[in-house]
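Colleague: for reference, the sequence and a predicted model appear below.
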Amino acid sequence: MEHRKLAYEFTRKVGASYPDPWNDNQQASKDWQLAFMKRHKNLSLRTPEQTCQNQRKGQKQVGSSTSAEKGTNVSLALAVSASSQSIPPFFLFPRVNMKEIFMTHASHGAVGVANGSGYMNSDVFPQFMRHFIKHTGANADSPTMLLLDNHGSHLSIEARDLALDYGITLLSFPPKCTHKMQPLDVAVFAPFKGMMTVRRDAWKKSNIGVTFNLHHVPLLVDQCLDVMLTPKTIKSGFRTTGIYPFNPQIFTEITGINVAYVFFAVMLDSY
């Protein structure tokens, strides 16, 4: 499905002709895909891996979800670097229309968008990319690598074009390895989620009769990130995952992950 969607987007972008039925589902047809695969026999289709809620991530970017109301989730995307820097949080609210009140208590530089579901998708990810570019200063003269999981939300022609224009190399972690190789997962998000629960419960006890709502989420997130997103924990995440300092021997079969660093090492050496 992701392959067919990208084909449709690219065809429209370059102004090539395509069958009218493609517009119905905004993706290329199954027949086109089968023909494409026959022409390119070195390619194969892979069944998408399940990505749990606390793994909407990247390089540097990762997502976590925290409850605002029962049955409601707010997605949070962050980016950190091996030099221990971080960018302001990017919130994704489960509402059709974004309202200013949602960001009333957000930290300076934070961005909030809404898309109905509250989950990252290929329409929202380019907005995160622009947020990332703004706060990192990524450009063609100063190449940047953005490490991501292999979630389908990162696949779009718009995101690809932004990466090319601003000198960003997008590199995906292997399937089922994110919890081992993602610096934020390893060092930040586990204790972050625990602290969010404690802070939320404390807030409720101090605000009897007041509903904990969407606009309270950025307030608690900011408080927790002040404690958890420190240079020490960020560096620990990159060191523990073997990304920086680069350590291709950090994982063995005993640790439950197959080493997949050959291509990774080549990419790191390029910069």
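Modeller: Thanks, I have it.
Colleague: which residue comes closest to A140 once chain neighbours are left out?
Modeller: G167 (4.1 Å; Cβ to Cβ, 6 or more residues apart in numbering). All C-beta atoms are positioned from the backbone trio N, CA, C, and that covers glycine.
Colleague: contact partners for that neighbour?
Modeller: The contact partners of G167, by Cβ atoms under 8 Å, 6 or more residues apart in numbering, come to 138-144.
Colleague: buried residues in the helix or strand hosting K38, which are they?
Modeller: Following DSSP states H and E, one finds K38 within helix 30-39. Neighbour counts over helix 30-39 (16 or more other Cβ atoms under 10 Å) mark 32-33 as buried.
Colleague: got it, and stretch 14-29?
Modeller: Applying a neighbour-count criterion of 16+ other Cβ under 10 Å, one finds 22, 27-29 buried in stretch 14-29.
Colleague: for L214, state which of the residues you listed is nearest.
Modeller: Using Cβ to Cβ, Q27 comes nearest to L214 of these, at 32.1 Å.
Colleague: can I take it that A77 is in a helix?
Modeller: No - under DSSP: H, G, I helix; E, B strand; the rest coil, A77 sits outside any helix and is assigned strand.
Colleague: what's the closest non-adjacent residue to it?
Modeller: Excluding its sequence neighbours, the residue lying closest to A77 (Cβ to Cβ, 6+ apart) is F90, at 4.2 Å.
Colleague: give the contact list for that neighbour.
Modeller: Applying Cβ under 8 Å, 6+ apart, the residues near F90 are 76-78, 110-113, 127-128, 131.
Colleague: same question, M228
Modeller: M228 neighbours (Cβ under 8 Å, 6+ apart): 188, 191-192, 195.
Colleague: now for the buried residues of stretch 14-29: which two are most distant?
Modeller: Checked with Cβ to Cβ, the buried residues of stretch 14-29 reach their widest spread between Q27 and S29, with 7.9 Å between them.
Colleague: what's the burial count for V221?
Modeller: Applying other Cβ atoms under 10 Å, we find 24 residues neighbouring V221.
Colleague: show me what contacts it?
Modeller: Shown in contact with V221 (Cβ under 8 Å, 6+ apart): 66, 76, 89, 91, 196.
Colleague: buried set for the helix or strand harbouring T233?
Modeller: Assigned by DSSP H and E, T233 belongs to helix 231-240. Going by neighbour count (16+ other Cβ under 10 Å), the buried part of helix 231-240 is 233-239.
Colleague: quick check, nearest of those residues to G152?
Modeller: After measuring those against G152 - Cβ to Cβ - the closest member comes out as G237, at 24.4 Å.
Colleague: and the closest residue to H108 other than its chain neighbours, helix, strand or coil?
Modeller: Using Cβ to Cβ, 6+ apart and skipping the chain neighbours, the partner closest in space to H108 is P88 (7.0 Å). The local conformation at P88, judged by three-state DSSP, is coil.
Colleague: against V80, how distant is P88?
Modeller: Computed with Cβ to Cβ, to the nearest Å, the distance linking P88 and V80 is 12 Å.
Colleague: between these two, which is the more surrounded one?
Modeller: Between P88 and V80, counted using other Cβ under 10 Å, the more crowded position is V80 (25 against 18).
Colleague: show me the beta-bridge partners of the more buried one.
Modeller: Applying DSSP bridges to V80 gives these bridge partners: S86.
Colleague: dump the residue contacts of it.
Modeller: Taking Cβ under 8 Å, 6+ apart, one finds 59-60, 86-87, 183-184, 188, 229, 234, 237 in contact with V80.
Colleague: now, the most widely separated pair of the residues you listed?
Modeller: So, those by Cβ to Cβ: farthest apart are I87 and G237, at 15.1 Å.
Colleague: and the lengthiest helix in the chain, what does it pack against?
Modeller: Longest helix of the chain, by residue count under DSSP state H: helix 190-206. Helix 190-206 is packed against strand 61-69, helix 217-228, with contacts defined by 3 or more Cβ pairs under 8 Å, 6 or more residues apart in numbering; DSSP states H and E.
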